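Undergrad: dropping a prediction and its sequence here:
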Amino acid sequence: MRTVRKTMTLTDEPNQRIEAHLKAEHYSRGSKHTRDLIRRGASRTLPE
């Protein structure tokens with residue numbers, strides 16, 4: 001499977017919430033957390 005690099009820019013508030021969630025859920029890296037969220041979202045039916 002091919003991988004693609006994506007970059008996100010966040011303001012302080014969302015970044016702080018993500019950092020707190022990373023610690024609470026014991027993710028070692030933000031990218032692992034992001035992939036998990038994408039997988040969870042992919043399991044939902046998206047509108048066409």
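TA: Arrived safely, thanks for sending.

Undergrad: check which helix or strand covers the residue positioned nearest the centre of the chain.
TA: Centroid check for the chain by CA atoms, centre = their mean gives T34 as the closest residue, at 1.8 Å. Remark: T34 resides in helix 30-42, with elements defined by DSSP states H and E.

Undergrad: identify the residues contacting that helix?
TA: 18, 21-22, 25, 27 (CB atoms under 8 Å, 6 or more residues apart in numbering). (Glycine included, C-beta is placed from N, CA and C.)

Undergrad: so can I have CSV of these showing pLDDT?
TA: CSV is the format used below for the contacts of helix 30-42 (pLDDT from 0 to 100):
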residue, pLDDT
I18, 85
H21, 85
L22, 86
E25, 82
Y27, 84
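
Undergrad: could you identify the most distant pair in these?
TA: Taking CB to CB, the two most distant members of those are I18 and E25; they sit 10.4 Å apart.

Undergrad: give me the more crowded residue out of those two.
TA: I18 (17 against 10; other CB atoms under 10 Å).

Undergrad: quick check: M1 vs E25, distance?
TA: 24 Å (CB to CB, to the nearest Å).

Undergrad: what do you get for S43?
TA: Taking CB to CB, one finds S43 at 18 Å from E25.

Undergrad: same deal with T7?
TA: T7 is 22 Å from E25, by CB to CB.

Undergrad: same thing with R5?
TA: 23 Å.

Undergrad: equivalent analysis for I38, please.
TA: Taking CB to CB, one finds I38 at 15 Å from E25.
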